[in-house]
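Engineer: Sequence and computational prediction follow.
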Amino acid sequence: KAGVTQTPRYLIKTRGQQVTLSCSPISGHRSVSWYQQTPGQGLQFLFEYFSETQRNKGNFPGRFSGRQFSNSRSEMNVSTLELGDSALYLCASSLQGHGNTEAFFGQGTRLTVV
Amino acid sequence: GENVEQHPSTLSVQEGDSAVIKCTYSDSASNYFPWYKQELGKRPQLIIDIRSNVGEKKDQRIAVTLNKTAKHFSLHITETQPEDSAVYFCAASKGGYSTLTFGKGTMLLVSP
């Protein structure tokens, strides 16, 4: 079974630009969550999608948005990029949700904002 | 919302020693507590988890204990090896369709 795939692996963007990250979950997994990982801050939850609906949302500004398609693939968009958005963005998939079952993480997309 | 505190932030041990990482959580409704290991440059992976109806769980050299009254849980690694060197994250959830709240991580360094 293929694992969680994130593309691209690396991105360099300029302040003010926008960016779209992609996540393909494990086949059959309907829940996809996104996390921002920065040094010293751990994994901060952005949002979760389940069957094309946003089911949970973290405490991030509206510049961060996402969506999920009928095949469970998910995209995350960040508009008006700021220097502080530089981070590793991880997505994780699971069958029903991470609340009580294993979350399978992708390798992440390293975003650098200059 | 849930808040998870994790200590220490860095832990250095000699090969063969034991390592203990502690986490506290704030929401008494939390009932699922997984631990993830992230090696340098790699993705986080689940190493062990525990649910609130269990006080302790072991898997070879790894064990997790849970004290619901005190709202804290701990990861114990015995006979540490250099390949145990990684960042370890604890997390808590209220189960069901709830999300995971992660601690800030502990960097474990095991010296040969």
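Structural biologist: Received, thanks. Numbering: from 1, shown residues only, chains lettered A, B, ... in the order given.
Engineer: Okay, the nearest residue to B:D17 once chain neighbours are set aside and B:D49: tell me how far apart.
Structural biologist: For B:D17, ignoring the flanking residues on the chain, the nearest one in space by C-beta to C-beta, 6 or more residues apart in numbering or on different chains is B:T80 at 5.6 Å. In short, each C-beta sits where N, CA and C put it, glycine included. B:T80 sits 20 Å away from B:D49, going by C-beta to C-beta, to the nearest Å.
Engineer: What's the per-residue pLDDT of residue 96 here?
Structural biologist: In the absence of a named chain, this looks at chain A. Predicted confidence (pLDDT) at A:Q96: the value is 81.
Engineer: that's the wrong chain, I wanted chain B
Structural biologist: At B:G96, pLDDT is 79.
Engineer: so what's it up against?
Structural biologist: A:97, A:99-100 (C-beta atoms under 8 Å, 6 or more residues apart in numbering or on different chains).
Engineer: swap in A:L11?
Structural biologist: A:19, A:21, A:109-112.
Engineer: still on that earlier bit, out of the contacts of B:G96, which are inside strands?
Structural biologist: Judged by DSSP state E, strands contain none of the contacts of B:G96.
Engineer: quick one: what helix or strand has the nearest residue to A:W34 once chain neighbours are set aside in it?
Structural biologist: Distances taken as C-beta to C-beta, 6+ apart put A:L46 closest to A:W34, at 4.1 Å, once the chain neighbours are dropped. Assessed by DSSP states H and E, A:L46 sits inside strand A:42-50.
Engineer: what's the average pLDDT for that strand?
Structural biologist: According to the model, strand A:42-50 has a mean pLDDT of 94.
Engineer: Let me know the next secondary structure element after it.
Structural biologist: Counting by DSSP H and E, what follows strand A:42-50 is strand A:53-57.
Engineer: contacting residues around B:E39?
Structural biologist: By C-beta under 8 Å, 6+ apart, the neighbours of B:E39 are B:85-87.
Engineer: will you turn those into CSV that also has neighbour count and pLDDT?
Structural biologist: CSV is the format used below for the contacts of B:E39 (neighbours: other C-beta atoms under 10 Å in any protein chain shown; pLDDT from 0 to 100):
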residue, neighbour count, pLDDT
B:S85, 18, 98
B:A86, 21, 98
B:V87, 20, 97
